[in-house]
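Q: here is my input; please provide its structure:
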Amino acid sequence: MASLLELKEIFRNADAVCFDVDSTVIREEGIDELAKFCGVGDAVAEMELVNRLHQRGVQVFLVSGGFQSIVEHVALQLNIPTANVFANRLKFYFNGEYAGFDETQPTAESGGKGKVITHLKEQFHFKNVVMIGDGATDMEACPPADCFIGFGGNVIRKQVKEKAKWYITHFDELLKELEER
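A: As a prediction, this is how the structure comes out:
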């Protein structure tokens with residue numbers, strides 16, 4: 001098990017950072033956003049961290065159990081290519097009625113976020129992948145992620161706060177960490 005200092009070093013040297021979306025990058029849960037289908041722009045939190053990671057040449061991904069249609073809007077606002085979005089896809093019948101979600105997406109099943117990270121490591125040969133999120137499914141993605149950072153800036157989940165070796169409540173903490181290098 002890595003120490004907090006080792007986790008911070010992994011973060012500073014990350015090849016890729018994966019963010020959960022609901023209650024991490026956006027303040028609400030995606031289902032709430034879908035229900036009101038309003039602009040996600042006002043809900044996007046801390047674009048500066050993503051911009052800083054991009055400046056450092058770090059690949060940024062959004063890995064979410066939420067819905068692709070919402071997550072892609074968030075990605076566009078953060079200048080993250082939609083190819084770097086892994087989320088659930090909704091299915092509709094030809095008449096427009098809801099038909100469920102695409103069960104073939106890795107994020108549609110238990111352990112899916114870890115499967116996405118394994119795929120990213122294999123495809124891009126990343127050595128240091130960091131997962132940042134507020135929930136148990138984010139924490140379960142480490143391993144294969146090399147570092148998990150628990151986030152409680154929008155919602156504090158007791159299990160994550162207690163079990164994460166590195167827990168933050170504001171992205172400024174990560175911005176400061178990047179300045180350490």
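
Q: the top strand by length along the chain pairs with which strands?
A: In the chain, taking DSSP state E as the definition, the longest strand is strand 59-67. Pairing partners of strand 59-67, with direction, according to DSSP bridges: strand 16-19 (parallel), strand 85-88 (parallel).

Q: quick one: the strands in the protein?
A: For the chain, strands defined by DSSP E occupy the ranges 16-19, 59-67, 85-88, 90-92, 98-101, 129-133, 147-151, 167-168.

Q: out of these, which gets nearest to E179?
A: The closest of these to E179 is strand 167-168. By CB to CB, the value is 14.9 Å. Quick note: C-beta positions are derived from backbone N, CA and C, even for glycine.

Q: elements contacting the closest one?
A: strand 147-151 (3 or more CB pairs under 8 Å, 6 or more residues apart in numbering; DSSP states H and E).

Q: tell me the average confidence for the strand it packs on?
A: Confidence over strand 147-151 (mean pLDDT, whole number) is 86.

Q: identify the residues contacting A136.
A: Contact analysis of A136 by CB atoms under 8 Å, 6 or more residues apart in numbering lists 157, 159-160.

Q: now tabulate those residues in JSON lines and tack on neighbour count and pLDDT.
A: Below are those laid out as JSON lines (neighbours: other CB atoms under 10 Å; pLDDT from 0 to 100):
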{"residue": "R157", "neighbour count": "19", "pLDDT": "81"}
{"residue": "Q159", "neighbour count": "11", "pLDDT": "82"}
{"residue": "V160", "neighbour count": "20", "pLDDT": "80"}
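
Q: relative to F86, which of those residues is nearest.
A: Of all those, V160 has the smallest distance to F86: 20.1 Å, by CB to CB.

Q: residues contacting the closest one?
A: 133-136, 138-139, 150, 152, 167.

Q: out of those residues, show me where the pLDDT dips lowest.
A: Least confident of these in the model: M139, at 78.

Q: what residue in this structure is the furthest from its centre?
A: What lies farthest from the middle of the chain is N95; by CA atoms, centre = their mean that is 32.9 Å.

Q: can you list the low-confidence ranges for this structure?
A: Within the chain, the stretches falling below the threshold (pLDDT under 70) are 1, 22-46, 90-93, 98-102, 104, 106-109, 180-181.

Q: how about a cut-off of 50?
A: Where the chain drops to pLDDT under 50, the residues are 29-45.

Q: longest helix anywhere in it?
A: In the chain, taking DSSP state H as the definition, the longest helix is helix 112-124.

Q: so that one versus strand 59-67, what angle?
A: Relative orientation of helix 112-124 and strand 59-67, computed by axes from the mean of the first three to the mean of the last three CA atoms, to 10 degrees: 150 degrees.
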